[in-house]
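[1] need a structure here:
(chains A, B, C and D)
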Protein chains: 2
Amino acid sequence: MVTTRNTRADVIEAAGRLFAERGYHGTSMRDLGKELGLLGSSLYSHVDSKQDLLAEVVAEGAALFDASARAALAVEGDAATRLHALIAGHVAVVVDNIDVARTFLNEARVLDPGHRGPIVAARDRYEEAFRTVLREGRSDGSLSADIDPKIASIFILSILNAVERWYRTDGDLDRDQLVAQLSRFAVAALN
Amino acid sequence: MVTTRNTRADVIEAAGRLFAERGYHGTSMRDLGKELGLLGSSLYSHVDSKQDLLAEVVAEGAALFDASARAALAVEGDAATRLHALIAGHVAVVVDNIDVARTFLNEARVLDPGHRGPIVAARDRYEEAFRTVLREGRSDGSLSADIDPKIASIFILSILNAVERWYRTDGDLDRDQLVAQLSRFAVAALN
DNA sequence: CCTACCGATCGGTAGG
DNA sequence: CCTACCGATCGGTAGG
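    Next up, the predicted model:
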């Protein structure tokens, strides 16, 4: 059995895992060290502070959701097609990066003011992508509800953001079925 | 200015406020004491432990949501009417008891195993109320979607549970308008 | 990455 | 509700 030294990336990954499971304040640097097989104090050769670690994980989450939204907005077709892409992209981010996604969604509020700004901006951009698609849907007729796009996007994002709270990859609902159900529900609500 | 001694109820209320704002692990007994104008150690004449305090707040939240669901299920009329009552009741609990609701929704996971059981049960009962109404809606035709009631109730609850995260009583959307939008969205999704 | 620490803060208690 | 504590744990540092 080969035991290698941990990299900075290992540390950040383990931090995401613990922050997602126990929360930032519920995780100590000694807990994190134990997770990696070293002492809490040894972590400081990889990172400057505990906040630094949170900032890294949350920034990673922001980047993933942002990339997903950019890709979805670039999809050709009607607005309903792009809404489907936004939904599928969100589920992909959550399922493939569960710890990062959970930390981004639940622990960003614990960021100190210096780190919070860009994250709030990213979140706003993400929500704006949904609003854009809903507005387009009203124009092209593919999502013709008379509901306010701002409110509707909050509702749809509420459903998507909650996926991490209940969805289990080992349950009976597979990932494509989840996306289909989400998409059907959203499109039905907007017609 | 008359300064009166704090009651146990005062302590629990302040705890709900801080747990909602900063989380359980982000709140120290000294923080809570400061909020009430006394020392952290003085709180122990009102409660046995910090966990005890969390358990009280969360139990209060569970009772409020439970009462709301019981009342909504007893409403006469078709299932769509009862779904509207469930939604209005949920919004009422959240708006009128914001700190208790937030603590119930976000901090229950921090409860120690001994206190967690009844809360998980209450949450299941609450979700079951939604499933019941959605099933009834399929029978009486007032909510005739072909979507699985289990999934649909998770989606609707996701939207409702997120209200606490974005809704502000001092914004342009008043409480009745919020309920109307929620109800319209949910009913549209289920038709 | 460890040894050996630091001062600060934590939840909680004894006794009034 | 305060005084006066307790042992444990916290984030973090110096030096190797």
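[2] quick one: residues contacting the spatially most central residue of chain A.
    The centre of chain A sits closest to A:Ala101, judged by C-alpha atoms, centre = their mean, with a distance of 3.6 Å. Residues in contact with A:Ala101, defined by C-beta atoms under 8 Å, 6 or more residues apart in numbering or on different chains, are A:Gly61, A:Leu64, A:Phe65, A:Val93, A:Val94, A:Glu164. Backbone N, C-alpha and C define where each C-beta goes, glycine included.
[3] tell me the secondary structure at the third one.
    Each residue gets one of three states, and A:Phe65 gets helix by DSSP: H, G, I helix; E, B strand; the rest coil.
[4] not counting sequence-adjacent ones, nearest residue to it?
    A:Tyr126 (5.2 Å; C-beta to C-beta, 6 or more residues apart in numbering or on different chains).
[5] if I pick the one you found, what's in contact with it?
    Contacts of A:Tyr126 (C-beta under 8 Å, 6+ apart): A:Phe65, A:Asp66, A:Ala69, A:Leu157.
[6] buried residues in the host helix or strand of the last one, which are they?
    So that's A:Leu157. Take DSSP states H and E as the rule and A:Leu157 turns out to sit in helix A:149-166. Neighbour counts over helix A:149-166 (16 or more other C-beta atoms under 10 Å in any protein chain shown) mark A:149, A:151-164 as buried.
[7] quick one: the longest helix seen in chain A to helix A:149-166, angle?
    In chain A, with assignment by DSSP state H, the single longest helix is helix A:113-140. Relative orientation of helix A:113-140 and helix A:149-166, computed by axes from the mean of the first three to the mean of the last three C-alpha atoms, to 10 degrees: 120 degrees.
[8] quick one: mean pLDDT over helix A:113-140.
    Mean pLDDT, helix A:113-140: 96.
[9] swap in stretch A:183-191?
    pLDDT averaged over stretch A:183-191 gives 95.
[10] now check that stretch, is it near chain B?
    Yes - using C-beta under 8 Å from any C-beta of the partner chain, we find that stretch A:183-191 touches chain B at A:Arg184, A:Phe185, A:Ala186, A:Ala188, A:Ala189, A:Leu190, A:Asn191.
[11] so how far is A:Val120 from A:Ser45?
    31 Å (C-beta to C-beta, to the nearest Å).
[12] equivalent analysis for A:Lys50, please.
    For A:Lys50 relative to A:Val120 (C-beta to C-beta), the value is 21 Å.
[13] who's more crowded, the two?
    Taking other C-beta atoms under 10 Å in any protein chain shown, A:Lys50 and A:Val120 do not tie; A:Lys50 has more neighbours (19 against 13).
[14] find the nearest non-adjacent residue to the more buried one, please.
    For A:Lys50, the closest residue by C-beta to C-beta, 6+ apart turns out to be A:Met29, at 5.9 Å.
[15] so the one you found makes contact with A:Gly40?
    Yes - using C-beta atoms under 8 Å, A:Met29 is in contact with A:Gly40, at 4.0 Å.
[16] higher neighbour count, these two?
    When neighbours are counted by other C-beta under 10 Å, A:Met29 and A:Gly40 differ, and A:Met29 comes out ahead with 18 against 15.
[17] next, count neighbours for A:Cys10.
    For residue A:10 the amino acid is Asp, not Cys. 14.
[18] near DNA strand D, which residues of chain A are found?
    A:27-31, A:40-41, A:44-45, A:48-51 (C-beta under 7 Å from any atom of the strand).
[19] let's see 10 Å
    A:24-34, A:39-45, A:47-54, A:112 (C-beta under 10 Å from any atom of the strand).
[20] any of those residues buried? List them.
    By 16+ other C-beta under 10 Å, the residues of chain A next to DNA strand D give A:Tyr24, A:His25, A:Gly26, A:Thr27, A:Met29, A:Leu32, A:Gly33, A:Leu43, A:Val47, A:Lys50, A:Leu53, A:Leu54 as buried.
[21] and of these, the nearest to B:Glu76?
    A:Gly26 (45.7 Å; C-beta to C-beta).
[22] give the contact list for that closest one.
    B:His25, B:Val110.
[23] near chain B, which residues of chain A are found?
    A:23, A:25-26, A:110, A:145, A:147-148, A:151-152, A:154-155, A:157-159, A:161-162, A:165-166, A:173, A:181-182, A:184-186, A:188-191.
[24] tell me who's in contact with A:Val19.
    Small correction: residue A:19 is Phe, not Val. A:Phe19 touches A:Thr27, A:Leu54, A:Val57, A:Asp99, A:Arg102, A:Thr103, A:Glu107, counting by C-beta under 8 Å, 6+ apart.
[25] that's all I had, so thanks and see you.
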